[in-house]
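>>> please find the sequence and the predicted model below.
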Amino acid sequence: MANSASGIAVHDECKLKFMELKTKRSHRYIVFKIEEKQVIVEKLGGPAQTYDDFTALLPADECRYAIYDFDYLTEENVPKSRIFFIAWSPDTAKVRSKMIYASSKDRFKRELDGIQIELQATDPTEMGLDVFKSRAN
């Protein structure tokens with residue numbers, strides 16, 4: 001179904017891969033891209049992939065949506081996990097692209113039930129591991 005604000009649809013594979021990440025933990029991250037008026041899965045990272053592997057996939061001059069399954073230890077040394085939604089919109093991206101991603105974001109997020117924390121990032125420092133840790137607790 002197309003998003004009324006932006007006309008962008010969400011491909012079924014997006015929801016399927018998100019459910020696999022959430023329930024089976026079969027992916028560490030998912031990178032989504034808008035292509036031909038729909039959100040599609042661009043890249044998947046297996047459970048052994050690292051945060052650095054993930055950030056290396058985000059283009060320096062194009063917008064993306066991403067999901068990252070962040071594992072961490074609480075102060076009591078209890079292992080926990082949080083599912084982050086990242087709206088990646090670098091300053092160097094085209095204005096039209098930023099507008100399309102911004103106007104489609106809320107509708108897309110609603111399709112992915114189980115997102116726990118949202119981050120907006122325009123450069124890598126806004127989504128560093130320290131940011132993930134501070135937001136996860």
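Great, that's in hand. The model shown is predicted, which means the values in this text are computed figures rather than measured ones. Residues are numbered from 1 along each chain as shown.
>>> and the residue nearest the centre of the chain, which helix or strand is it part of?
Closest to where the C-alpha atoms of the chain average out (C-alpha atoms, centre = their mean) is Ala66, at 1.7 Å. Using DSSP states H and E, Ala66 maps to strand 64-73.
>>> so what are the sheet partners of whichever helix or strand comes after that strand and their directions?
Using DSSP H and E, the next helix or strand after strand 64-73 towards the C-terminus is strand 79-88. Strand 79-88 sits in its sheet next to strand 64-73 (antiparallel), strand 117-121 (parallel), going by DSSP bridges.
>>> helix, strand or coil: sort out Val39 for me.
Secondary structure state of Val39, per DSSP: H, G, I helix; E, B strand; the rest coil, is strand.
>>> ranges for the strands of the protein?
For the chain, the strands defined by DSSP state E cover 9-10, 29-35, 38-45, 64-73, 79-88, 117-121.
>>> which one of those lies nearest to Met99?
Of all those, strand 29-35 sits nearest to Met99, with 11.2 Å by C-beta to C-beta. In short, each C-beta sits where N, CA and C put it, glycine included.
>>> give the pairing partners of that closest one; include direction for each.
For strand 29-35, pairing defined by DSSP bridges yields strand 38-45 (antiparallel), strand 64-73 (antiparallel).
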